[in-house]
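> what follows is a predicted protein model with its sequence.
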Amino acid sequence: MVVTEIQETVRIQMDSIILEGDLEIPEDAQGLVIFAHGSGSSRHSIRNKTVAEILRQNKMATLLFDLLSPEEEEIDNVTAHLRFDIDLLSERLIGTTDWVLQNPATKNLNIGYFGASTGAAAALSAASKRSDKIGAVVSRGGRPDLAEQALPGVKAPTLLIVGGKDYQVIDMNREALKMLNCKKELQIIPGATHLFEEQGALEEVAKIAGNWFLEYLVTD
């Protein structure tokens, strides 16, 4: 059983908007993983919440936050264009990172990013711009091709996880792997599709991600 030290909804001011996030810090947390969700999703994503819960069992604090305000989400539900605005999403992630670095409860924790789908592109782009602050990046079914120009600037150890039946995304991630100049790895989950809906697939993602964050965020 995980003993939770802090569990709260936080409000992050960013220019003229406020983004909401769910922050959970287990007792004796060893690091903090900020989640960047995929296109059309939110901090309430069942898949990311499942991964976050398993990470907390590994002494990782988690912050799942909305990349868009409620008003922006309403617009995006119609136009679907903001979810692909990687520059905007990465700036939101950077702003959230800066908030984490100033927040008394989190400022001393090493930071990692977990990005899914288009959120992975935002995570990689943000990691390239905050290379001195980000200790590790994990991408789940990511679209790193949408952050192609940022890839050579990523310094944090980066793990790309793709489903074995997600053929087009496998190719995208293989190309991205070549462009990364950091410690890097591509893990393919056999039999899994893009959303890792198969039995045990998402748990395998969380296990692999947890090991990656433990290796690169935890200092002796």
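Great, that's in hand.

> what about residue 95, which helix or strand?
Using DSSP states H and E, residue 95 falls within helix 86-102.

> ok, residue 182 next?
Assigned by DSSP H and E, residue 182 belongs to no helix or strand.

> repeat that for the one 5 residues further on.
Assigned by DSSP H and E, residue 187 falls within strand 184-189.

> so where do the strands sit in the chain?
4-14, 17-26, 31-36, 60-65, 111-116, 134-140, 158-163, 184-189 (DSSP state E).

> give the pairing partners of the fifth one; include direction for each.
Yep, that's strand 111-116 we're talking about. Note on strand 111-116: by DSSP bridges, its sheet partners are strand 31-36 (parallel), strand 134-140 (parallel).

> any idea how far the shortest one is from the middle of the chain?
Same thing as strand 31-36. Centroid separation for strand 31-36 versus its chain: 6 Å, with CA atoms, centre = their mean, to the nearest Å.

> avg pLDDT for it?
Model confidence over strand 31-36, given as mean pLDDT, is 96.

> so that strand versus strand 60-65, what angle?
20 degrees (axes from the mean of the first three to the mean of the last three CA atoms, to 10 degrees).

> what angle separates strand 31-36 from helix 86-102?
Relative orientation of strand 31-36 versus helix 86-102 (the same axes, to 10 degrees): 150 degrees.

> hang on, residue 131 packs against residue 154?
Yes - under the criterion of CB atoms under 8 Å, residue 131 makes contact with residue 154 at 7.2 Å. Bear in mind the C-beta positions are built from the backbone N, C-alpha and C, glycine included.

> residue contacts, residue 56?
2, 4, 24, 26, 62 (CB atoms under 8 Å, 6 or more residues apart in numbering).

> and if you look at residue 54?
203, 206, 207, 210 are the contacts of residue 54 under CB under 8 Å, 6+ apart.

> noted, bye for now.
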